[in-house]
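> requesting a structural model of the entry that follows:
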Amino acid sequence: MTARTPGPTVTMLPDDHPAQEDPIMMPKARIATPAALIGVLLLAVTGCTDTGTSDAGSSAPAQVQGGDGSTASSEPSSKPSSRSSQGASGESGSQSGDMSIPDIVEAVQPSVVTIFTEGGLGSGVIYTEDGLILTNEHVVRGNDDVEVAFADGQRVSGTVEAVDAVSDLALVQADRTDLPAATFQSGLPRIGELAVVIGSPLGFENTATSGIISGLHREIPGSASTSQSLVDLIQTDAAISPGNSGGAVVNGRGEIIGISEAYIPPSQGAVALGFAIPAPTATEIAEELREDGTAEHAFMGVGPGAITPQIAEQLNLRDTTGVVVLSVSEGGPADAAGIRPGDIITRIGDEELSAPEDLLAALRQREPGETVSVMTRRGSDTESVDVRLTDRPAARG
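Numbers count the residues shown, from 1 in each chain. Next up, the predicted model:
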């Protein structure tokens, strides 16, 4: 068996340099020059940061639309077992009653904003009527204060209330009330369903593009070394560009089905490959951030890596399936279970692993406190161990 073919190169670049080498784009835009705008960055996901929270009771949260057309609060009555793991039976994608694209844009555009920071710009979605905005963490990273521009032309100051680097989501409190909060779909869309992207690509505010939902539960190969957020994503062929980050992906009923996250550029040989955080994930994280400024994530305590030909040679591996353990957090769940650097993890529960992104996606569907069966291989010995997951330490992100 051969080692897994590497995916698109992820390049981390400083703020004032254009992309140089086929990066996966996290589309926050620069606003200095056109060249800098196009040279969008992939910023590494770092530690979880609690910069405070808004009063969760000060306003009704954004609404969540069910598959039957009923509307309910996005605040879950109980914590679901997974954030966006619905299968075909759980996907609320009926296309009856879809609006025309102009009607969708007219209805949703007032709920999408542009967020200006010291180093660039991105987009956001109005989450509550009292001015809470949902956006990407990488849009506001390193900023406490931002400026929020609305579709009606008004601009106000905003404060970064809470961020979660693992999911790449953040909440910004804008200094404005009586706003049109967006409606979020409670389940996943269907492949082939209409997708309309609304945001501010390259600073062109209130821009709409359209396409379809191309895939679900996508992972971007090779992204685990720089970001934990590029797993379990919605794929769309609607154009996503620098500046769309944090903006809306909308279905034919005017419901938010995703938050724009990343795209693979044409220099990688890609044509119309954009990705978004599913609405169920976004609303669950948003509610956790509203509650206490933090979000829970299952933590195993390993640094996963791909089994490259070099690693296979160093470890004398005949079987190159699985994920190599590059590091183990001292005192963490994996350490307590006896997992060591150099071990190969081939399965978590019933999920086979072939890349580090598979491991991140498997953990995304689990909760702190859950015990999972982990199949490991050390040399010629194979062993199944039980790992009791914990909440990710804040200092680790």
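
> am I right that residue 165 is in contact with residue 142?
No - contact between residue 165 and residue 142 fails when scored by Cβ atoms under 8 Å: they sit 11.6 Å apart. (C-beta placed from N, C-alpha, C; glycine too.)

> these two: which has the busier surroundings?
Each of residue 165 and residue 142 has its neighbours counted (other Cβ atoms under 10 Å); residue 165 has more, 24 against 12.

> low pLDDT regions in this protein?
Under the criterion pLDDT under 70, the flagged ranges of the chain are 1-96, 224-227, 394-397.

> what residues of the lengthiest helix in it count as buried?
Identified as the longest helix of the chain according to DSSP state H is helix 279-292. For helix 279-292, the neighbour count (16 or more other Cβ atoms under 10 Å) marks 279-290 as buried.

> immediately after it, which helix or strand?
strand 298-299 (DSSP states H and E).

> and that next one, what does it pack against?
helix 356-364, strand 390-391 (3 or more Cβ pairs under 8 Å, 6 or more residues apart in numbering; DSSP states H and E).

> can you list the strands that that strand pairs with?
strand 390-391 (antiparallel) (DSSP bridges).

> other residues contacting the strand it pairs with?
The contact list for strand 390-391, computed with Cβ atoms under 8 Å, 6 or more residues apart in numbering, reads 296-299, 301, 332-333, 368-369.

> can you show me the strands along the stretch 201-350 of the chain?
207-218, 233-236, 248-250, 256-264, 273-278, 298-299, 302-305, 323-328, 344-348 (DSSP state E, counting those that start in this stretch).

> which of those sits most buried?
strand 248-250 (a mean of 31; mean count of other Cβ atoms under 10 Å).

> most tightly surrounded among the helices and strands packed on strand 298-299?
Highest mean neighbour count of the helices and strands packed on strand 298-299: helix 356-364, a mean of 23 (counted as mean count of other Cβ under 10 Å).

> beyond it, next helix or strand please.
strand 371-378.

> could you list the buried residues of that next one?
Residues of strand 371-378 classed as buried: 372, 374-377 (neighbour count, 16+ other Cβ under 10 Å).

> let me have the residues you listed in a markdown table, adding distance to residue 110 as columns.
Converted to a markdown table, the buried residues of strand 371-378 look like this (distance: Cβ to Cβ, whole Å):
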| residue | distance to residue 110 |
| --- | --- |
| 372 | 44 |
| 374 | 47 |
| 375 | 50 |
| 376 | 52 |
| 377 | 54 |
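
> between those, which is closest to residue 240?
residue 372 (33.4 Å; Cβ to Cβ).

> okay, and the beta partners of that closest one?
Note on residue 372: beta-bridge partners residue 387, judged by DSSP bridges.

> so it sits right up against residue 348, yeah?
Yes - counting by Cβ under 8 Å, residue 348 is a contact partner of residue 372 at 5.6 Å.

> dump the helices and strands packed on strand 298-299 into a markdown table; add distance to residue 108 as well.
A markdown table is the format used below for the helices and strands packed on strand 298-299 (distance: least, Cβ to Cβ, whole Å):
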| stretch | distance to residue 108 |
| --- | --- |
| helix 356-364 | 27 |
| strand 390-391 | 35 |
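
> would you list the phi and psi of residue 102?
phi -60, psi -40 (degrees, to the nearest 10).

> what's the answer for residue 331, then?
Residue torsions, per degrees, to the nearest 10, at residue 331 are phi 80, psi 0.

> with residue 110 instead?
phi -60, psi -20.

> what sits against it?
Counting by Cβ under 8 Å, 6+ apart, residue 110 has contacts 150-152, 180.

> got a winner among the residues you listed for most neighbours?
Using other Cβ under 10 Å as the neighbour test, the contacts of residue 110 are led by residue 150, with 21 neighbours.

> quick one: it and residue 115 touch, right?
No - counting by Cβ under 8 Å, residue 150 does not reach residue 115; the two are 10.9 Å apart.

> now, which of the contacts of residue 110 lie within helices?
Reading helices off the contacts of residue 110, I find no matches (DSSP H).
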